[in-house]
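Colleague: With the input below, show me the fold.
(one chain, ligands or ions: 1)
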Amino acid sequence: MTNIGRIRTVVLGSSRVGKSAVTVRYLTKRFIGEYSSNTDLLYRHDVTFDSVLTEVEILDTCKCSTTCLFDHIRWGDAFVIVYSVVDWSSFIEAEDLLDKLSKLKLPSYFATLLLGNKRDLDHSRCVAVDAGQELSLRFGCQFYEVSAADNFAGVSLAFHSLLRETRAVQLLRGLPIRRKLGVNSVSKVLGTIFGKNSSKRDRKKRPSLSI
Ligand SMILES: Nc1nc2c(ncn2[C@@H]2O[C@H](COP(=O)(O)OP(=O)(O)OP(=O)(O)O)[C@@H](O)[C@H]2O)c(=O)[nH]1
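Modeller: Residues are numbered from 1 along each chain as shown. Model prediction:
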């Protein structure tokens, strides 16, 4: 099994949208109704998927200043932006967070998941699924709607999907930069190898082996 290192995940969003609920649901499979915490909490756990062991750190944030938000953005490789489907203002805040993220970090350095929580409260819903989908398309991030209260599978699927993408982003960033060859350059290289493009003068210069 290969260990490719660490993924730092930050869970952001308005207060009371269920940031702690989704984090704890993902980590323990349990739903705990009330969390009394007014500080950020850092969790660590190891995940194995596709036979690769990865150390995952998850920072469950609480409301913080702009400076502290910038620190979180700098720190993270993966971001879960949570809103509640029954709270329109939390959706607006999610949009604002996505905007800040896209302005402060290069796309090759992170992956993002937009997570609409509390879908079990469908009767009081004020954020349509389409609105979430459109927002995620605008910012090129993943999108899931879940209920931390009702369902472990959805939360788990959403986190795993984000972690997979983050790992891919990290792997891509680790690749050596190669000079990109355009179509013309490729045909030129092939022509040089097979001698099709070379002029008469060039042909004379080509090394030849006489026995
Ligand atoms: N119905 C329903 N309630 C939920 C769900 N997830 C969380 N809650 C409830 O929403 C409230 C807030 O949940 P938290 O997980 O503490 O939310 P938070 O975003 O971490 O809140 P802060 O730490 O205050 O920012 C609690 O009463 C939870 O029981 C859900 O999926 N469905």
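Colleague: Contact partners for Asp87?
Modeller: Contacts for Asp87 (CB atoms under 8 Å, 6 or more residues apart in numbering) come out as 14, 16-17, 126-127. From N, CA and C alone the C-beta is placed, and that goes for glycine too.
Colleague: er, Val127 I mean
Modeller: 83-88, 91, 116.
Colleague: what about 6 Å?
Modeller: By CB atoms under 6 Å, 6 or more residues apart in numbering, the residues touching Val127 are 85, 91.
Colleague: any idea how far it is from the ligand?
Modeller: According to CB to the nearest ligand atom, to the nearest Å, Val127 stands 14 Å off from the ligand.
Colleague: and that residue, what pLDDT?
Modeller: Here, the pLDDT recorded for Val127 equals 98.
Colleague: Ok, Lys63 next?
Modeller: 77.
Colleague: Test my guess that Leu114 contacts Val82.
Modeller: No. At 8.4 Å, Leu114 does not count as touching Val82 under the criterion of CB atoms under 6 Å.
Colleague: where do the helices sit along the chain?
Modeller: With DSSP state H as the criterion, the chain has helices at 19-28, 66-75, 88-104, 129-139, 152-174, 183-194, 200-205.
Colleague: how big is the angle separating the top strand by length along the chain from helix 66-75?
Modeller: Assignment by DSSP state E gives strand 2-13 as the longest strand of the chain. Going by axes from the mean of the first three to the mean of the last three CA atoms, to 10 degrees, strand 2-13 is angled at 160 degrees with respect to helix 66-75.
Colleague: Just the C-alphas of strand 2-13, formatted as PDB.
Modeller: Extracted in PDB, the C-alpha atoms of strand 2-13 (Å, rounded to 0.1, in the frame of the first residue of the first chain):
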ATOM      1  CA  THR A   2       1.300   3.500  -0.900                       C
ATOM      2  CA  ASN A   3       1.100   6.400   1.500                       C
ATOM      3  CA  ILE A   4       0.800   9.600  -0.400                       C
ATOM      4  CA  GLY A   5       0.600  12.000   2.400                       C
ATOM      5  CA  ARG A   6      -1.900  14.300   3.900                       C
ATOM      6  CA  ILE A   7      -5.100  16.100   2.900                       C
ATOM      7  CA  ARG A   8      -6.100  19.100   5.000                       C
ATOM      8  CA  THR A   9      -9.900  19.600   4.800                       C
ATOM      9  CA  VAL A  10     -11.700  22.800   6.000                       C
ATOM     10  CA  VAL A  11     -15.400  22.800   6.800                       C
ATOM     11  CA  LEU A  12     -16.900  26.200   6.300                       C
ATOM     12  CA  GLY A  13     -20.300  27.900   6.300                       C
END
